[in-house]
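Engineer: No letters, just coordinates:
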Ligand SMILES: C[C@@]1(CC(=O)O)c2cc3[nH]c(cc4nc(cc5[nH]c(cc(n2)[C@H]1CCC(=O)O)[C@@](C)(CC(=O)O)[C@@H]5CCC(=O)O)C(CC(=O)O)=C4CCC(=O)O)c(CCC(=O)O)c3CC(=O)O
Ligand SMILES: NC(=O)C1=CN([C@@H]2O[C@H](COP(=O)(O)OP(=O)(O)OC[C@H]3O[C@@H](n4cnc5c(N)ncnc54)[C@H](O)[C@@H]3O)[C@@H](O)[C@H]2O)C=CC1
């Protein structure tokens, strides 16, 4: 939806100006968000704005191997350092227009200029590309969840913008609930995926195999909590024996 659709409504939630009529707040809770995990490696990601938010978003994209360019007339020392060491490209100038979005997979804008943010959103929507204007829900076609990351595991918590503070609290509590034993088990199960795909003929066979380990007796999570990774290897080996097709 173009930003102009909101233009007459003057809502402080949308453009940080005018009188709030709560339109965007209602829109958010009526939006069913499609949750996905994006591969950023080798893809060009653009961050517009070089303040604290620009740095935070840049670091998040770099952590996922995004190929990051920052456009901003000025940037803080950390972003300058990332540019100097070659981790990002920094174009020291203002956002110019749609040409800046050519070949870009995703743009995250965090300038302190509302008119620029609106232009970026409209230009990006015209190209049907991913755009997030930090903290301005009606100028986002994707929003960022709070994240618990442990190796290959990622638990994302979204409140559809209802309460980022609550998402942060849940992140802390969920992080306490799921410790590193889940990460270790995920890696051990990944190690046996190749065997399962090469050996077990049907989806149902592979499903039964993996579920027999994950929900196994003894419980693999309890074993890992007790430091008994050999016990989990034994559980996996037993499952392999039990599920492998009998040799003719
Ligand atoms: C819609 C969304 C769009 C987007 O930016 O993607 C959005 C919008 C807004 N955020 C606002 C406020 C705050 N945001 C945070 C923090 C985070 N905000 C994040 C995401 C999102 N924020 C998206 C929805 C996510 C969802 O709920 O599903 C997190 C999860 C992820 C991230 O940013 O990477 C990150 C936590 C990361 C972590 O720690 O793990 C804090 C707390 C803090 O700063 O410590 C506060 C103050 C407390 C509060 O308000 O709850 C405001 C009001 C601004 C104002 O009042 O001026 C708006 C706009 C509005 O409400 O209109
Ligand atoms: N700093 C924070 O903790 C939070 C900030 N915000 C909001 O996010 C936005 C950004 O926050 P900060 O990074 O702290 O702001 P900031 O003021 O430190 O940085 C703004 C950046 O935008 C750049 N910029 C301005 N006009 C531009 C243009 N035409 N083209 C390209 N870049 C341009 C500036 O050079 C600067 O690097 C603000 O709207 C702020 O209200 C929201 C939540 C928290």
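Structural biologist: Yes, it's here. Every value quoted in this text rests on a predicted model; they were computed, and no experiment measured them. Ligands and ions are numbered 1, 2, ... in the order given.
Engineer: Whichever residue of the chain sits closest to ligand 2 and residue 66: what is the separation?
Structural biologist: For the chain, the residue closest to ligand 2 is residue 51, as judged by C-beta to the nearest ligand atom, at 2.1 Å. Every residue, glycine included, has its C-beta placed from N, CA and C. The gap separating residue 51 from residue 66 is 19 Å, by C-beta to C-beta, to the nearest Å.
Engineer: who's more crowded, those two?
Structural biologist: residue 66 (24 against 15; other C-beta atoms under 10 Å).
Engineer: surely the more buried one meets residue 40?
Structural biologist: Yes. Look at residue 66 against residue 40 with C-beta atoms under 8 Å: they come within range, at 3.8 Å.
Engineer: shared neighbours, these two?
Structural biologist: residue 106 (C-beta atoms under 8 Å, 6 or more residues apart in numbering).
Engineer: Below-threshold pLDDT in this structure: ranges please.
Structural biologist: Applying pLDDT under 70 to the chain picks out residues 1-24, 247-248.
Engineer: related to what we said a few turns ago, for the residue of the chain closest to ligand 2, which residues are in contact?
Structural biologist: 72, 75, 76, 110, 112.
Engineer: sec struct for the nearest residue to residue 233 once chain neighbours are set aside, please.
Structural biologist: The shortest distance from residue 233 to any non-neighbouring residue, by C-beta to C-beta, 6 or more residues apart in numbering, is to residue 188 (7.5 Å). Using DSSP: H, G, I helix; E, B strand; the rest coil, the three-state assignment for residue 188 comes out as helix.
Engineer: same deal with residue 46?
Structural biologist: When classified by three-state DSSP, residue 46 comes out as strand.
Engineer: which residues pair with residue 69 across the strands?
Structural biologist: Taking DSSP bridges as the rule, residue 69 bridges to residue 46, residue 89.
Engineer: Tell me how many other residues crowd the residue nearest to residue 233.
Structural biologist: By other C-beta under 10 Å, 17 other residues sit near residue 188.
Engineer: What residues does it make contact with?
Structural biologist: 220, 229, 232, 233, 236.
Engineer: Which of these ranks first by neighbour count?
Structural biologist: Most surrounded of these: other C-beta under 10 Å gives residue 220, at 25 neighbours.
Engineer: Skipping adjacent residues, who's closest to that residue in space?
Structural biologist: Using C-beta to C-beta, 6+ apart, the closest residue to residue 220 is residue 232 (4.8 Å).
Engineer: where's that neighbour, which helix or strand?
Structural biologist: helix 229-243 (DSSP states H and E).
Engineer: For that helix, which helices and strands make contact with it?
Structural biologist: The helices and strands touching helix 229-243, judged by 3 or more C-beta pairs under 8 Å, 6 or more residues apart in numbering; DSSP states H and E, are helix 180-191, helix 203-214, helix 220-225.
Engineer: try 6 Å
Structural biologist: Counting contacts by 3 or more C-beta pairs under 6 Å, 6 or more residues apart in numbering; DSSP states H and E, helix 229-243 is packed against helix 203-214, helix 220-225.
Engineer: chain center to the longest one: distance?
Structural biologist: The one in question is helix 203-214. When C-alpha coordinates are averaged (C-alpha atoms, centre = their mean, to the nearest Å), helix 203-214 and its chain have centres 28 Å apart.
Engineer: by how many degrees do that helix and helix 229-243 diverge?
Structural biologist: If you take axes from the mean of the first three to the mean of the last three C-alpha atoms, to 10 degrees, helix 203-214 sits at 150 degrees to helix 229-243.
Engineer: buried stuff in helix 203-214?
Structural biologist: 206, 209, 210, 212, 213 (16 or more other C-beta atoms under 10 Å).
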